[in-house]
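S.K.: Structure for this input, please:
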Amino acid sequence: MSQALGWAGAAALVAGAAAAARLLLSTVTVRGGSMTPALLHGDVLLVLRHRRRARAGRIVVVQRPDPRTGWDGPADLSGAAGWYVKRVVAAAGDPVPSWVPGDRPDRVPPGMLVLRGENPYSEDSKQWGLCPADRMYGVVLLRLRSGSERRATA
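M.R.: Next comes the predicted model:
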């Protein structure tokens, strides 16, 4: 009887861990070349869905800015607006780069990020300015599958 309870308890633990992982982890597929050469079109990324680890050097997934209002409108993390995959160049307290447009403070204010794509033609904070951290879906943990590998095997 105790062995049966042991197996049932282990199964419940595994099921609970799987449910927690689904809440915290997600996969995102890169579309486009804004992060080339670091990330390629078709790369599949594992994303930790929270906002606490957004610091300079991290790659994040953020809500795509509205073409008319940028990031000034309300946050919509449903994915309806689309997503950007960008590198955090500066986070709260870091100096604001000179290439950020508009009235910019000397330091990134709390709750804001400066984002940049790896490709010089990327749309990012060069066009849209500071990104509110509440637009962040999550932090990229690792690349699960390369888009170039998928093309080679297809």
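S.K.: For the residue at minimal distance from the centre of the chain, give me its contacts.
M.R.: Nearest to the mean C-alpha position of the chain, by Cα atoms, centre = their mean, lies residue 61 at 1.9 Å. By Cβ atoms under 8 Å, 6 or more residues apart in numbering, residue 61 lies in contact with 28, 45, 47, 83-85, 136-140. In this view, the C-beta of every residue, glycine as well, is placed from N, C-alpha and C.
S.K.: Show me the shaky parts of the chain.
M.R.: Applying pLDDT under 70 to the chain flags the ranges 1-22, 51-52, 148-154.
S.K.: could you redo the last one with a cut-off of 90?
M.R.: Within the chain, the stretches with pLDDT under 90 are 1-24, 50-54, 66-82, 102-104, 145-154.
S.K.: ranges for the helices of it?
M.R.: 2-24, 125-128, 147-153 (DSSP state H).
S.K.: List the pairing partners of the longest strand along the chain within its sheet, with orientation.
M.R.: When the chain is parsed with DSSP state E, its longest strand is strand 136-145. Applying DSSP bridges, strand 136-145 is found paired with strand 44-48 (antiparallel), strand 59-63 (antiparallel).
S.K.: So which of those strands has the densest surroundings on average?
M.R.: Highest mean neighbour count among the strands paired with strand 136-145 (mean count of other Cβ atoms under 10 Å): strand 59-63, with a mean of 24.
S.K.: Residue 131 and residue 109 touch, don't they?
M.R.: No: between residue 131 and residue 109 there is no contact under Cβ atoms under 8 Å: 11.5 Å.
S.K.: the more surrounded of the two?
M.R.: Shown here are residue 131 and residue 109; by other Cβ atoms under 10 Å, residue 131 has more neighbours (26 against 12).
S.K.: and the end-to-end length of stretch 34-48?
M.R.: In stretch 34-48, first residue to last residue: 21 Å (Cα to Cα, to the nearest Å).
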